[in-house]
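Student: Please find the sequence and the predicted model below.
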Amino acid sequence: MQLEINVIDAFTDKVFKGNSAAVIITESWLSDTLMQSIAFENNLSETAFIVSDNKGVYHIRWFSPLTEIDFCGHATLASAFVLFKKNATLNTIKFSAKAVGILTVVQLDNGKIQMDFPNRMPKKIDNIPDSLLTGLSIAPSEVYRNAQAYFVIYDSESDVLNVLRDNEALKELAPLDVVVTCQSESNNYDFISRYFWPANGGDEDPVTGSSHTGLAPLWAERLNKNELVAYQASSRGGVLDCVVAGDRVLISGHAVQYLTGFITVEE
């Protein structure tokens, strides 16, 4: 069986930057085992699988090399990029995912793709897990948590950029991942972050759209503004435009094609 595969760099307008995701569109679902095997073979942060229904909704599932993921922003952006490119008459896409419901995605006039996600504002915690404290070389100023991750607040960009991690300690926080973040010291961005996910995906994620459904409302409250520009300070880097609108968070970014090809697998 041959399947078309597209690899897209998301949250960037330059190849080799942002976060790479593979997108595979099929008429019906492959087996879970096969989808996980393909994601493992691709060895990208995520591989998105899409099946459309007869109502114009695209059902989407996301797999890291290690496991299926409940919610992935950059692979949603990559998937929308592929679908918009395949059908020039499309300007709105509705994705459906079990954990987050219906996600509406639109192509903006400036070339960016905007995704409408649930607001997943984290809550401050006082009892910080020992594994989080021992897993990071720099002690947090504050810690928040939502259903996806622990959000570690630092006082300076140098802390975010230079913090070292013990992946074995952070794995003990599973199923939660870890975000480190601070207010940006640059006029170009409102806040920066990095994302560590040894329990679910590997080491450090290059750009994480889903985490910004927590980061954006957190910094909107702290900075008293609802429109923010974020930078994820990984080695590849990525820029995300965020708008906090009540119980929704709109996240926009560019995407660029890296690869189109075919894979041969046996179901």
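Tutor: On my side now, so go ahead.
Student: what are the ranges of the helices in the stretch 51-200 of the chain?
Tutor: Using DSSP state H, counting those that start in this stretch, the helices of the stretch 51-200 of the chain run over residues 73-86, 130-135, 157-162, 167-171.
Student: could I get those as CSV with mean pLDDT?
Tutor: Output for the helices of the stretch 51-200 of the chain, formatted as CSV (pLDDT from 0 to 100):
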stretch, mean pLDDT
helix 73-86, 97
helix 130-135, 97
helix 157-162, 98
helix 167-171, 96
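Student: May I see the buried residues of stretch 7-15?
Tutor: V7, I8, D9, A10, F11, T12 (16 or more other C-beta atoms under 10 Å). The C-beta positions use only the backbone N, C-alpha and C, and glycine is treated the same way.
Student: Just flag the most distant two among the residues you listed.
Tutor: Farthest pair in the buried residues of stretch 7-15 (C-beta to C-beta) is V7 and F11. Separation: 14.4 Å.
Student: List the buried residues for stretch 43-63?
Tutor: In stretch 43-63, counting by 16+ other C-beta under 10 Å, buried: 44-51, 58, 60-63.
Student: Give the closest residue to T76 in space, chain neighbours not counted.
Tutor: Spatially, and ignoring its direct neighbours in sequence, T76 is nearest to M115 (5.8 Å; C-beta to C-beta, 6 or more residues apart in numbering).
Student: whoops, I mixed them up, G202
Tutor: P65 (6.5 Å).
Student: quick check: domain ranges of this structure?
Tutor: Using automatic domain parsing, the domain parsing of the chain gives 2-115+252-264, 123-246.
Student: roughly how far is the first one from the heart of the chain?
Tutor: Centre-to-centre, domain 2-115+252-264 and its host chain are 11 Å apart (C-alpha atoms, centre = their mean, to the nearest Å).
Student: oh, and call the first residue 121 from now on, that's how I've got it
Tutor: OK, 121 is where the count begins now, so the last one is domain 122-235+372-384.
Student: got the end-to-end distance for that domain?
Tutor: In domain 122-235+372-384, first residue to last residue: 5 Å (C-alpha to C-alpha, to the nearest Å).
Student: next one: stretch 183-198
Tutor: By C-alpha to C-alpha, one end of stretch 183-198 lies 14 Å from the other end.
Student: Show me which residues of it are buried.
Tutor: For stretch 183-198, by 16+ other C-beta under 10 Å, it's 183-185, 187, 189-198.
Student: Which two of those have the greatest separation?
Tutor: Across these, the longest distance by C-beta to C-beta is 20.7 Å; it joins T187 and L197.
Student: circling back to that earlier point, and the helices of the stretch 171-320 of the chain, which is most packed in?
Tutor: Among the helices of the stretch 171-320 of the chain, helix 193-206 has the highest mean neighbour count (mean count of other C-beta atoms under 10 Å), at a mean of 26.
Student: What helices and strands are in contact with that one?
Tutor: strand 122-130, strand 139-145, strand 166-172, strand 177-183, strand 212-217, strand 221-227, strand 233-238, strand 375-384 (3 or more C-beta pairs under 8 Å, 6 or more residues apart in numbering; DSSP states H and E).
Student: What angle do helix 193-206 and the third one make with each other?
Tutor: Orientation check (axes from the mean of the first three to the mean of the last three C-alpha atoms, to 10 degrees): strand 166-172 against helix 193-206 gives 50 degrees.
Student: Contacts for strand 166-172, please.
Tutor: 141-150, 155, 158-159, 178-184, 189, 192, 194-196, 198-199, 203, 215, 321 (C-beta atoms under 8 Å, 6 or more residues apart in numbering).
Student: sec struct for K137, please.
Tutor: coil (DSSP: H, G, I helix; E, B strand; the rest coil).
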